[in-house]
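[1] build the 3D model from these lines:
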Amino acid sequence: MTDRTIGVGMVGYAFMGRVHSQAWRNVTAFFDLPVTPAMRVICGRSEKAAEAAAARMGWAGFTTDWRELIRRDDVQIVDVCTPGDSHAEIAIAALEAGKHVLCEKPLANTVAEAERMAEAAALATGRSMVGFNYRRVPALALARRMVAAGELGEIRHVRAVYLQDWIMDPELPLVWRLRKDKAGSGALGDIGAHIIDVAQFVSGQDIVGVSGLTETFIKERPGGRVTVDDAALFIGRMSGGATASFEATRLAGGRKNALRIELNGSLGSLSFDFEAMNELWVSKGGGGFTRVLVTEPEHPYAGAWWPPGHGLGYEHTFTHEIKDFLEAIGNGTDPSPSFADGLRVQRVLEAVERSDGAYTEIL
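    Numbers count the residues shown, from 1 in each chain. This next block holds a predicted model:
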């Protein structure tokens with residue numbers, strides 16, 4: 001191993017495993033980094049599926065035992081892409097073994113698990129980060145830059161929604177995302193976690209209290225009873241004084257991946273929709289909105305890719321995530337969002353579940 005090479009082991013090979021694998025494969029082709037990742041081993045429960053995933057996605061080896069992966073001397077980074085019920089056990093074991101850890105969102109299934117993970121991260125020698133990839137959309141990173149520079153003035157309103165329709169068919173089987181023991185919650189944790197993080201990231205403010213409700217519309221599916229929410233709505237207060245509203249649902253017919261956020265400030269507004277992810281709409285001084293095509297070299301991340309006007313896609317956000325994680329490791333700095341940030345999101349999720357229409361403060 002050269003002094004610039006860092007071995008990676010990944011646990012999980014489904015949707016998130018595929019997109020993370022693409023990011024690990026491609027990141028050094030577009031970004032100059034202080035360390036170079038080597039895709040050492042992928043882990044899954046099925047030996048046959050793990051072997052096939054390793055061959056297809058570019059991993060040098062495979063295993064069915066994540067503890068074996070953590071013990072390997074040639075693995076310095078553990079990438080956790082499993083359902084939420086195993087995040088805490090895997091991530092804490094990896095941190096205690098001195099590994100760097102990237103963990104998919106939400107950080108855990110419960111606040112108690114997330115607290116243990118954040119505590120382990122604070123004591124660990126390795127770096128850790130939770131994978132809220134939408135922070136790495138160039139348009140949202142540009143939005144954050146504008147807010148931080150004061151271009152919108154005092155932020156007064158934050159409104160965010162995440163709309164999908166992939167579980168509309170009542171004959172869809174009871175997949176793991178519809179089981180509380182595996183997923184922790186439904187639309188709330190799956191996609192609501194993203195808009196919580198995006199709202200806090202772009203606005204620069206924390207959510208300090210919420211009043212919300214959740215609903216399960218399709219209570220029985222082939223395979224058993226649904227034990228998570230189909231939809232969640234909540235309002236909140238931000239630490240800087242802004243009011244906020246949120247909606248997350250996987251039953252919005254015709255909406256495929258509509259993560260939308262709008263901020264209104266004393267000097268202007270901005271608006272974003274992931275289904276047009278290369279665009280940011282900006283209003284200054286009360287005038288109409290102007291479209292900004294976020295593909296210029298000076299825009300966050302965009303300069304590493306294609307000529308201006310050539311848009312990026314969903315998969316690029318994960319490449320940016322891996323790039324930022326490797327830079328932090330190589331430079332000896334703390335990556336963001338941290339496990340403490342992930343815990344903050346988990347507390348908001350729990351507060352929404354507990355509120356049932358009442359106002360719940362978040363410690």
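[2] and the most centrally placed residue in the chain, its phi and psi?
    Taking Cα atoms, centre = their mean, the centroid of the chain lies closest to residue 132, which sits 2.0 Å from it. As for residue 132, its main-chain torsions (degrees, to the nearest 10) stand at phi -90, psi 90.
[3] for it, give its distance to residue 106.
    9 Å (Cβ to Cβ, to the nearest Å). C-beta here means a position set from N, CA and C on the backbone, and glycine is covered the same way.
[4] common neighbours of those two, please.
    Counting by Cβ atoms under 8 Å, 6 or more residues apart in numbering, the contacts common to residue 132 and residue 106 are 193, 342, 345.
[5] buried subset of those residues?
    193, 342, 345 (16 or more other Cβ atoms under 10 Å).
[6] can you list the weak-confidence ranges in the stretch 101-250 of the chain?
    Of all residues in the stretch 101-250 of the chain, none has pLDDT under 70.
[7] show the pLDDT at residue 1.
    Per-residue pLDDT puts residue 1 at 38.
[8] can you give me the helices in the stretch 1-150 of the chain?
    15-30, 47-57, 66-71, 87-96, 111-123, 138-148 (DSSP state H, counting those that start in this stretch).
[9] the fifth one vs helix 87-96, what angle?
    Right, helix 111-123. Interaxial angle of helix 111-123 relative to helix 87-96 (axes from the mean of the first three to the mean of the last three Cα atoms, to 10 degrees): 10 degrees.
[10] CA atoms only for helix 111-123 - export them in CSV, please.
    In CSV, the C-alpha atoms belonging to helix 111-123 read as follows (Å, rounded to 0.1, in the frame of the first residue of the first chain):
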residue,chain,number,x,y,z
VAL,A,111,-32.3,8.5,19.1
ALA,A,112,-30.7,6.1,21.6
GLU,A,113,-28.9,4.3,18.8
ALA,A,114,-27.8,7.7,17.2
GLU,A,115,-26.6,8.9,20.6
ARG,A,116,-24.4,5.8,21.0
MET,A,117,-23.0,6.3,17.4
ALA,A,118,-22.3,10.0,18.1
GLU,A,119,-20.5,9.1,21.3
ALA,A,120,-18.4,6.5,19.6
ALA,A,121,-17.5,9.0,16.9
ALA,A,122,-16.4,11.6,19.4
LEU,A,123,-14.1,9.1,21.1
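[11] helices and strands around that helix, which ones?
    Contacting helix 111-123 under the criterion 3 or more Cβ pairs under 8 Å, 6 or more residues apart in numbering; DSSP states H and E are the following elements: helix 87-96, helix 339-355.
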